[in-house]
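*Asks:* dropping a prediction and its sequence here:
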Amino acid sequence: MKIINVRARVFEWKGHTVPPQPHFCSNAMDLLWDKGDSMGTFRFHGWTVVEVETDDGLVGIGNVALAPRIAKAIIDQYLTPLVLGHDPFDYEYLWQRMYRSTHAWGRKGVAMAAISAIDIALWDLMGKATGRPVFKLLGGRTKEKIPCYASKLYRTDLNEMQAEAQRYLDQGFTSMKMRFGYGPKDGPEGVRKNLDSVAAVREVIGPDVDLMLECYMGWNLEYAKRMLPKLEKFEPRWLEEPVLADDIDGYAELNQLTSIPISGGEHEFTSHGFRQLLDKRAVSVIQYDTNRVGGITAAHKINALAEVYGVPVIPHAGQMHNYHLTMSTLASPMSEYFPVHDVEVGNELFYYIFEGDPTPENGFIDLDEHKPGLGLTLSQRYLDQFNIME
Ligand SMILES: O=C(O)C(=O)C[C@@H](O)CO
Ligand SMILES: [Mg+2]
């Protein structure tokens, strides 16, 4: 089997978009005295879809959502020539070829995300060529079904947050993630608003439902050190990305500070990046995203590292490229699940591009053993609501 073509298309959403509320999610830009929408940098309204075609007519699908136009340019100009004519089953060699040839500028960030998209397509191809789902090419079925947590609860009116949390309970979820809306710039009032939002959700879900707390890099070390002791009474499952991804020592200090596990990794790349996080005991939960970290090839290696270190892997963002990894290892106990809803910040945009993602039932998802590869197809339903850039 030989790769004969790589097609990278950017799907840019032009349909209805729900404008997010102010303070809907703290984030790295909050600490700057910028005016306007600090979450403007956090929009996933574009998505690059990669299709890798082989000489026997199979097409593998990959995807990347970080800087999609740049990712496409990297794929077209640098990565495609490195994989054309090769066998997708030589995925380790092809991963190293892409990684090493772009190493000067591509070991982290959008280039590694672009490499991830091609790698995911290679695994989809291998599944289609063998007639097996990707998880059967990794470690097979390690769970009857995958537990998943509902992930939205953006910071808004507390009554609305409580109603949303109740909806997840009614749907059978036993874990959910909420977002903080305030950080260091918002002073004592922001601290109180942060605590009030956690108290409000905890009041609805009670003590026996896992509650995860998301900062999305919107705090700093000093603020997080003040907040963590105040949050202990709510017994959160974890506090996510309290500081910038580069502040690994800050993560490590916070991870030892209280009983609250610190999670992170969605902005970290390759097994080398996660070796640092693990060696420094910087996180108690690993959250790589397979379409960023280096694809399935890299994520599979990180799963093995995590198992040895005893640190659970709960990948960022759900999606099939992550679900297959979670199914295939005991190191990953559960998945994130983004509820399907109108396009807002874009975490949910992949539902408008692809068909095949499983729908949770009572807080669990399952993967179809009879669907080869990732189990995804390109959706025709919303094509007219995208500008598609070839
Ligand atoms: O889902 C997450 O973990 C994210 O970081 C994405 C965004 O929703 C911010 O929470
Ligand atoms: Mg996150």
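*Replies:* Nice, I can see it. Numbers count the residues shown, from 1 in each chain. Ligands and ions are numbered 1, 2, ... in the order given.
*Asks:* ok, the nearest residue to K280 once chain neighbours are set aside - contacts?
*Replies:* With sequence-adjacent residues excluded and distances taken as C-beta to C-beta, 6 or more residues apart in numbering, K280 is closest to A252, at 4.6 Å. For glycine as for every other residue, the C-beta is placed from the backbone atoms N, C-alpha and C. Remark: with contacts taken as C-beta atoms under 8 Å, 6 or more residues apart in numbering, A252 is in contact with K280, R281, A282.
*Asks:* now the strands for the stretch 101-250 of the chain?
*Replies:* Counting by DSSP state E, counting those that start in this stretch, the segments of the stretch 101-250 of the chain that form strands are 146-151, 175-179, 210-214, 238-240.
*Asks:* what's the answer for the stretch 251-390 of the chain, then?
*Replies:* Applying DSSP E, counting those that start in this stretch to the stretch 251-390 of the chain gives strands spanning 262-264, 285-286, 335-337, 354-355, 364-365, 377-378, 386-389.
*Asks:* looking at the ones you listed, which is closest to ligand 1?
*Replies:* Taking C-beta to the nearest ligand atom as the criterion, strand 335-337 is the member of the strands of the stretch 251-390 of the chain that comes nearest to ligand 1, at 5.9 Å.
*Asks:* report how many residues lie close to the closest residue to V191 other than its chain neighbours.
*Replies:* The shortest distance from V191 to any non-neighbouring residue, by C-beta to C-beta, 6+ apart, is to M227 (6.8 Å). Around M227 sit 25 other residues, with neighbours defined as other C-beta atoms under 10 Å.
*Asks:* what of the one 4 residues further on?
*Replies:* Neighbour count for L231, taken as other C-beta under 10 Å: 19.
*Asks:* and if you look at the one 3 residues further on?
*Replies:* F234 is flanked by 15 other residues according to other C-beta under 10 Å.
*Asks:* which positions in the stretch 151-300 of the chain make contact with ligand 1?
*Replies:* Proximity of the stretch 151-300 of the chain to ligand 1 (C-beta under 6 Å from any ligand atom) is limited to residues S151, R179, E214, Y216, E266.
*Asks:* okay if I get those as JSON lines plus pLDDT and neighbour count?
*Replies:* Shown next, in JSON lines, are these (pLDDT from 0 to 100; neighbours: other C-beta atoms under 10 Å):
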{"residue": "S151", "pLDDT": "98", "neighbour count": "23"}
{"residue": "R179", "pLDDT": "97", "neighbour count": "24"}
{"residue": "E214", "pLDDT": "98", "neighbour count": "24"}
{"residue": "Y216", "pLDDT": "96", "neighbour count": "20"}
{"residue": "E266", "pLDDT": "98", "neighbour count": "20"}
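*Asks:* so Q256 sits against V283, correct?
*Replies:* No: the pair formed by Q256 and V283 falls short of the contact definition of C-beta atoms under 8 Å, at 11.5 Å.
*Asks:* pick out whichever of those two has more residues nearby.
*Replies:* Each of Q256 and V283 has its neighbours counted (other C-beta under 10 Å); V283 has more, 27 against 11.
*Asks:* isn't the more buried one up against G264?
*Replies:* Yes: between V283 and G264 there is a contact at 4.8 Å, judged by C-beta under 8 Å.
*Asks:* can you list residues touching both of the two?
*Replies:* Both V283 and G264 are in contact with Y251, L277, where contact means C-beta under 8 Å, 6+ apart.
*Asks:* which residues of this structure score low on pLDDT?
*Replies:* Along the chain, the parts satisfying pLDDT under 70 run over 35-38, 40-41.
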